[in-house]
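Peer 1: Make a model of this:
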Amino acid sequence: METRCAWVPPNNEAYVLYHDRDWGVPVHDDRLLFEMLILEGAQAGLSWDTILKKRDNYRRAFFDFDIERCSKIDASDEEALLANPGIVRNRLKIGSVKTNALAVLKIREEFGSFDAYLWRFADCAPLQPAYRTIQEIPTTSELSDAISADLKKRGMKFVGSTIMQAYAQAVGLINAHTTDCFRYRPLSSP
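Peer 2: Residues are numbered from 1 along each chain as shown. Sure, this is the predicted structure:
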C-alpha cells in the first residue's frame with residue numbers, strides 16, 4: 001500500500017484520486033489554472049471535499065471554465081447559477097468568476113498567458129521545501145503573499161494569501177507532498 005500525505009482520507013476514493021493524479025502536479029494550461037483558481041476560492045470557509053464533490057457541476061455551470069465565456073457572465077446567468085444546487089450558491093463567489101476571468105484576460109494581454117504570469121512568481125520551477133509532516137506545511141508563505149497581493153491589485157476576488165497557498169500547492173508551484181508520500185519523489189525530480 002502506498003503512503004500518502006496524512007491529510008488524504010483513505011476511504012474517500014475521490015480524494016485519493018485527486019491526491020494521486022492531480023494535486024501538486026505542475027499545471028501550465030490556462031483553463032485548468034483558472035478552474036483551480038475558482039475552485040480554491042469557492043472552497044473558502046468550506047471543506048475541499050465539498051468542492052471536489054461538486055467539481056463536475058462547476059465545470060458544467062461555468063462553461064468548462066472557458067475564460068472568455070466566463071468573462072461574459074451576465075445577470076441572467078448569475079441568477080441561474082444562484083439557483084443551481086450543484087455548486088456553492090454564494091452570490092459573492094459566483095460573481096468573482098466573471099471578475100476573475102476579466103482580470104485573467106488582462107493578464108494574458110500583458111504576459112501572453114496566465115501560465116507565464118503565475119509561474120514567474122516561482123522562477124518558472126516548482127518550489128521544493130521537503131516537508132516531513134503536514135504540521136510543517138504553512139498556511140501562507142512569501143509566495144502566496146506575493147501572488148495574493150498582485151492579484152488583489154488587479155481586482156481579483158477570493159485570492160487571499162491562505163487561498164493562494166492552497167492554490168500554489170494544488171497547481172504545483174509548491175511541492176507540498178510530504179517526503180514520505182509516494183508522490184513526493186516523482187514531483188521533486190527536475
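Peer 1: check contacts around the nearest residue to Asp22 once chain neighbours are set aside.
Peer 2: Counting by C-beta to C-beta, 6 or more residues apart in numbering, the nearest residue to Asp22 once its immediate chain neighbours are dropped is Ala170, at 7.6 Å. Backbone N, C-alpha and C define where each C-beta goes, glycine included. Taking C-beta atoms under 8 Å, 6 or more residues apart in numbering, we find Ala170 in contact with Asp22, Trp23, Gly24, Met36, Glu40.
Peer 1: what's the spacing between the most centrally placed residue in the chain and Arg183?
Peer 2: The centroid of the chain falls nearest to Met36 when counting by C-alpha atoms, centre = their mean (3.1 Å). For Met36, the distance to Arg183 (C-beta to C-beta, to the nearest Å) stands at 17 Å.
Peer 1: Quick one: mean pLDDT for stretch 59-68?
Peer 2: For stretch 59-68, the mean pLDDT works out to 98.
Peer 1: thinking again about what came up before, so which of the contacts of Ala170 sit within helices?
Peer 2: Those of these mapping onto helices are Met36, Glu40, per DSSP state H.
Peer 1: which of the contacts of Ala170 sit farthest apart?
Peer 2: Every pair in the contacts of Ala170 was compared (C-beta to C-beta); the two farthest apart turn out to be Gly24 and Glu40, at 13.6 Å.
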